[in-house]
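Asker: Model the following, please.
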Amino acid sequence: MNDTLTPDVVGRRVSVNGECATVRFHGTVPPVAGLWLGVEWDNPERGKHDGSHEGTVYFKCSHPTGGSFIRPHKANFGVDFLTALRDRYEDEPEDDAKKQIVTIGNIPVETIGFGSVIKKQSQLSELRDISLRSCAVSCAGDKGDIASTCPNIRVVNLSQNLLSAWEEVTGIAEQLRHLEVLDLSENKLQFPPGSPAPVGTFSALKVLVLNRTGITWAEVLHCAQGWPALEELYLKSNNISISERPADVLQLVRLLDLSSNQSIDENQLFLIAYLPRLERLILGDVGISSLHFPDAGVGCKTAMFPSLQSLVLDDNRISQWSFINELDKLQSLHSLSCLRNPLTVGSEAKTHLQFIIAKIGQLRTLNRCEVGATAGVFEARKQVTENAKDTVFEYCGGRQTWLSFRDPPGGAARGRAGLPEGVREGVERGGWAPGSRPGQAQRGVPGRPPQIPSPLPHGLWITIHRFLFLK
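Answerer: Just a heads-up that it's a prediction; the model follows:
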């Protein structure tokens with residue numbers, strides 16, 4: 001790149017010796033002669049200052065050491081989409097040893113240029129899945145060239161490139177009519193304040209990855225008007241705050257990844273609680289510590305997140321059982337991951353995981369493991385607590401609760417509760433605590449603690465005993 005750049009380079013993305021940055025300034029920096037570019041590095045440790053020199057502020061950085069001045073000829077402003085595609089897919093030598101698998105969302109994509117793969121996809125017009133990660137793509141190129149050269153592409157990885165504006169993305173996408181999966185991670189994009197992409201640009205798009213792009217929630221909702229078929233949306237590490245409810249957008253989204261957005265709290269989550277198709281929500285490392293569904297009391301189900309089956313809460317600040325109790329109010333929750341939370345680490349971690357299984361009656365998977373393989377607790381819950389939990393008893397707030405069950409004629413109560421034979425007492429909520437004398441009256445009602453029949457292993461009874469009586 002020569003030193004005769006125009007001022008419109010400000011805002012563009014550049015690469016310098018493999019490090020990416022955004023141009024924040026173009027001009028002279030006295031007393032040194034010549035033109036300079038002031039850049040803000042993606043990696044602030046690469047810089048030297050905050051955009052000022054000898055007391056004069058030339059540009060601003062978000063980090064005090066994120067800026068540098070460089071000569072224009074040292075900056076690589078990137079290449080267009082087709083140039084990168086040809087460099088990657090036409091000129092690669094055959095070498096099976098270089099085979100790589102890149103995951104876009106949940107879809108593994110084999111990068112091309114290796115042995116039999118290059119033979120299969122030697123013709124650009126036949127390409128369907130491509131990865132141009134870190135290929136310095138900065139623009140779409142001449143209009144129509146992509147559509148005429150590689151019209152069958154369905155999966156594109158454009159992560160860690162030099163795209164600086166959403167308009168360049170739409171310029172690429174509008175020529176790929178079959179595009180279903182698009183990864184734009186680590187492109188610092190500017191999103192348009194005006195109209196969204198032309199109708200039909202992203203008509204087939206099902207998976208969109210926007211991790212570390214700097215997008216805001218308002219920009220998500222604005223652009224989402226052009227994503228009518230979107231099913232998976234990844235928004236990791238964007239410092240997002242959910243500011244408003246999605247209205248007539250994102251209605252088909254089944255998976256939403258909001259991990260590593262530290263500004264999100266429980267009140268913001270309620271704004272997305274009525275997405276009708278949302279089945280999997282990823283909230284790892286958002287800093288959440290509390291949760292309460294105001295529309296549902298103890299033992300009731302919330303109307304929020306009606307389709308949510310899988311919830312990821314790894315690396316948060318969950319330390320109270322009240323949080324876990326609230327999760328049992330979710331209608332469809334079957335899978336939970338809560339690794340590396342205060343409640344699930346330490347010497348009591350294994351016992352606490354058993355409590356979580358007992359408290360959330362419908363769990364099938366906990367921390368990516370089948371519940372049935374977790375210390376036998378699943379069988380105990382099936383026999384004693386799974387159905388009874390919703391139909392007969394409540395447990396919340398660490399309150400000591402003793403419940404026994406009376407059989408009306410025909411044993412209907414026992415059947416509804418899923419209880420084993422031999423449990424035949426009245427339903428009571430009272431002060432019975434571990435160590436009370438069997439047969440002791442409960443609030444004036446004669447009775448005795450239910451006797452767990454011999455087929456239930458003693459160790460599992462201990463687990464249930466703790467579930468009922470311990471915080």
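
Asker: which stretches of the stretch 251-400 of the chain have low pLDDT?
Answerer: 372-400 (pLDDT under 70).

Asker: any idea where the strands of it begin and end?
Answerer: Secondary structure of the stretch 251-400 of the chain (DSSP state E, counting those that start in this stretch): strands at 255-257, 280-282, 310-312, 335-337, 365-366, 369-370.

Asker: Could you dump these into a markdown table and include mean neighbour count and distance to Lys329?
Answerer: Yep, even glycine has a C-beta here, placed from its N, CA and C like the rest. Below are the strands of the stretch 251-400 of the chain laid out as a markdown table (neighbours: other Cβ atoms under 10 Å; distance: least, Cβ to Cβ, whole Å):
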| stretch | mean neighbour count | distance to Lys329 |
| --- | --- | --- |
| strand 255-257 | 20 | 20 |
| strand 280-282 | 20 | 15 |
| strand 310-312 | 19 | 12 |
| strand 335-337 | 20 | 13 |
| strand 365-366 | 20 | 17 |
| strand 369-370 | 10 | 23 |
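
Asker: so which of those gets nearest Cys150?
Answerer: If you check each of the strands of the stretch 251-400 of the chain against Cys150 by Cβ to Cβ, strand 255-257 wins as the nearest, at 27.5 Å.

Asker: Return the distance of that closest one from the chain's centre.
Answerer: Mean-position distance between strand 255-257 and its chain equals 5 Å (Cα atoms, centre = their mean, to the nearest Å).

Asker: elements contacting that strand?
Answerer: If you count contacts as 3 or more Cβ pairs under 8 Å, 6 or more residues apart in numbering; DSSP states H and E, strand 255-257 packs onto strand 232-234, strand 280-282.

Asker: how close does Gly361 sit to Trp321?
Answerer: 15 Å (Cβ to Cβ, to the nearest Å).

Asker: okay, these two: which has more neighbours?
Answerer: Between Gly361 and Trp321, counted using other Cβ atoms under 10 Å, Trp321 has the larger neighbour count: 19 against 16.

Asker: Of the strands of the stretch 251-400 of the chain, which is nearest His63?
Answerer: That would be strand 255-257 among these, by Cβ to Cβ, at 25.4 Å.

Asker: Partner strands of the closest one, with direction?
Answerer: Sheet pairing of strand 255-257 (DSSP bridges) gives strand 232-234 (parallel), strand 280-282 (parallel).

Asker: and the ones you listed as a markdown table, adding distance to Asn187?
Answerer: Listed next are the strands paired with strand 255-257 as a markdown table, based on distance: least, Cβ to Cβ, whole Å:
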| stretch | distance to Asn187 |
| --- | --- |
| strand 232-234 | 13 |
| strand 280-282 | 21 |
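
Asker: related to what we said a few turns ago, among the helices and strands packed on strand 255-257, which is nearest Val298?
Answerer: Between the helices and strands packed on strand 255-257, strand 280-282 lies closest to Val298; by Cβ to Cβ that is 23.1 Å.
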